[in-house]
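*Asks:* Give me a model of this one.
(one chain, ligands or ions: 1)
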Amino acid sequence: MHERKPFVGGNWKMNTNRTTSADLTRAVVDGLARVEGVEVAVYPPFPYLLAVRSILRDRSSSIRMGAQNAYHRPDGAYTGEISIEMLKDCGATTVLVGHSERRHVIGEQDELINAKVRAVLEAGLECVLCVGETIEEREAGHTDPVNQRQVRAGLADVPGDWVNRLVLAYEPVWAIGTGKTATPDDAQDVHRKLRQLVSGLYGPEIAARTRIIYGGSVKPSNAAELFAQPDIDGGLIGGASLKPEDFVGIVKAAATT
Ligand code: PEP
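*Replies:* Purely as a prediction, here's the structure:
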């Protein structure tokens, strides 16, 4: 039995528009109206945050809203970037940091990711720190060292009393948006080792409380088996979070594990 409340996040990436983001929000709120025992967050594109927030508020929904990225500097000459205070101002309570598309498409490195993790946690928001190995790293037998390096680097200089606002997301890069999913056993193995790492860094109590979620082509058909693993505490969902019935099915799978 998990003592940690499962967490399911819907990462909409650079999808939806003004109309479809609102429609998606309403459909997810309606679909989850009677589902309990899971913390749910949606991560819309920046321009739709305020509108999504207002729908969630109007419907008194417990679904949280977050941002897919943030910049760590408080303000100033950083053209095109969005500060954490701006996100708070728009109602975001959680931020994704180090998503594989930020690392591998945009080119973010461990040092910048660490600065973002610290800034998000220091601001009192929840940080979902994403880590994961590429297919080349996996085939070379480097899955564990890569994930451990990304977690250690991401959490450098993060004090233990901030870690209650941290969620770790293990997202093998080769599984994101590809339809390929890690087997429940393989994913569990990585999650167990990441929990051991958190224990080494912050002690067993914090490690036992820290949620470690899985991401990579999660669907209603594979969610229950993944979430049933002892160290998998929910999921970060990309493609399937754009289809309300799929996202609702995945959250329901987390509610029953
Ligand atoms: C993600 O964006 O974090 C993700 C896991 O995407 P997908 O579910 O589409 O693989």
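*Asks:* Any idea which residue of the stretch 1-150 of the chain lies closest to the ligand?
*Replies:* Residue of the stretch 1-150 of the chain nearest the ligand, by CB to the nearest ligand atom: residue 11 (4.2 Å). All C-beta spots, glycine's among them, are computed from the backbone N, C-alpha and C.
*Asks:* That residue: neighbouring residues, count only.
*Replies:* 26 (other CB atoms under 10 Å).
*Asks:* so what's residue 57 scoring on pLDDT?
*Replies:* We have a pLDDT of 98 for residue 57.
*Asks:* and residue 112, what helix or strand is that in?
*Replies:* In this assignment (DSSP states H and E), residue 112 forms part of helix 110-122.
*Asks:* Give me the nearest residue to residue 185, chain neighbours excluded.
*Replies:* Among residues not flanking residue 185 along the chain, residue 229 sits closest, at 7.9 Å (CB to CB, 6 or more residues apart in numbering).
*Asks:* oh, I was asking about residue 246
*Replies:* residue 240 (4.1 Å).
*Asks:* Pull the number of nearby residues for the one you found.
*Replies:* 20.
*Asks:* Now the phi/psi pair for the residue in the chain that the ligand sits nearest to, please.
*Replies:* Using CB to the nearest ligand atom, the single residue of the chain nearest to the ligand is residue 238, 2.1 Å away. Backbone geometry at residue 238, expressed as degrees, to the nearest 10, gives phi -100, psi -100.
*Asks:* got the residues of this structure near the ligand?
*Replies:* Listed as neighbours of the ligand in the chain under the rule CB under 6 Å from any ligand atom: 11, 13, 171, 176-177, 215-218, 236-240.
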